[in-house]
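In: fold the following, please.
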Amino acid sequence: MKIIGYYLESWRRFRDLKGRTTRPAFWWAFILNPFVFIVLGGIFALIFGIESDEWGPEIFYGIAYIWVLITLLIRRRNDMGRKGNVLLLWWLAAPSTSETSE
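Out: Coordinates of the predicted model:
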């Protein structure tokens, strides 16, 4: 399961700001996150009897994922050989290059 591997790798590398992240590794981790958040919300709702309009402990996961997302964005930018944040969405969708940003 490469998809789960990409997601777990994003959490394992949460401190890595100098590395690189490929397009599939970025997008699969990014796409899988909302599903994990929803599943956690459902689990906590069952365990703690939380109503559907209340926030539970899954909000801590969401806050922690913000940092993981930032590191993913920086590593993806490094993988593309780019500096700065102009047209970031376009860059995230661009294919990988063999160049590195120094």
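
In: what residues are up against the nearest residue to A29 once chain neighbours are set aside?
Out: With sequence-adjacent residues excluded and distances taken as CB to CB, 6 or more residues apart in numbering, A29 is closest to S10, at 3.9 Å. Where C-beta positions appear, they are placed from N, C-alpha and C, glycine not excepted. The contact partners of S10, by CB atoms under 8 Å, 6 or more residues apart in numbering, come to T21, A25, A29, V68, T71, L72.

In: go again using 7 Å as the cut-off
Out: By CB atoms under 7 Å, 6 or more residues apart in numbering, the residues touching S10 are A29, V68, L72.

In: what number of residues lie near I3?
Out: Counted by other CB atoms under 10 Å, the residues lying close to I3 total 13.

In: in three-state terms, how would it be classified?
Out: Following DSSP: H, G, I helix; E, B strand; the rest coil, I3 is assigned to helix.

In: R76 contacts F26, doesn't it?
Out: Yes - using CB atoms under 7 Å, R76 is in contact with F26, at 4.6 Å.

In: higher neighbour count, those two?
Out: Neighbours were counted for R76 and for F26 using other CB under 10 Å; R76 has more, 24 against 21.

In: and the more buried one, how far is that from S10?
Out: 11 Å (CB to CB, to the nearest Å).

In: helix or strand: which one has L8?
Out: Applying DSSP states H and E as the criterion places L8 in helix 2-12.

In: okay, E102: pLDDT?
Out: For E102, the model assigns a pLDDT of 58.

In: coming back round to it: now the next helix or strand after the helix holding L8: buried residues?
Out: Counting by DSSP H and E, the next helix or strand C-terminal to helix 2-12 is helix 23-48. Residues of helix 23-48 classed as buried by neighbour count (16 or more other CB atoms under 10 Å): A25, F26, W27, W28, A29, F30, L32, N33, L40, G41, F44.

In: which member of those is positioned nearest A94?
Out: Relative to A94, the closest of the buried residues of helix 23-48 is F26; by CB to CB it sits at 11.1 Å.

In: farthest residue from the center of the chain?
Out: Residue farthest from the centre of the chain, counting by CA atoms, centre = their mean, is G49 at 28.7 Å.
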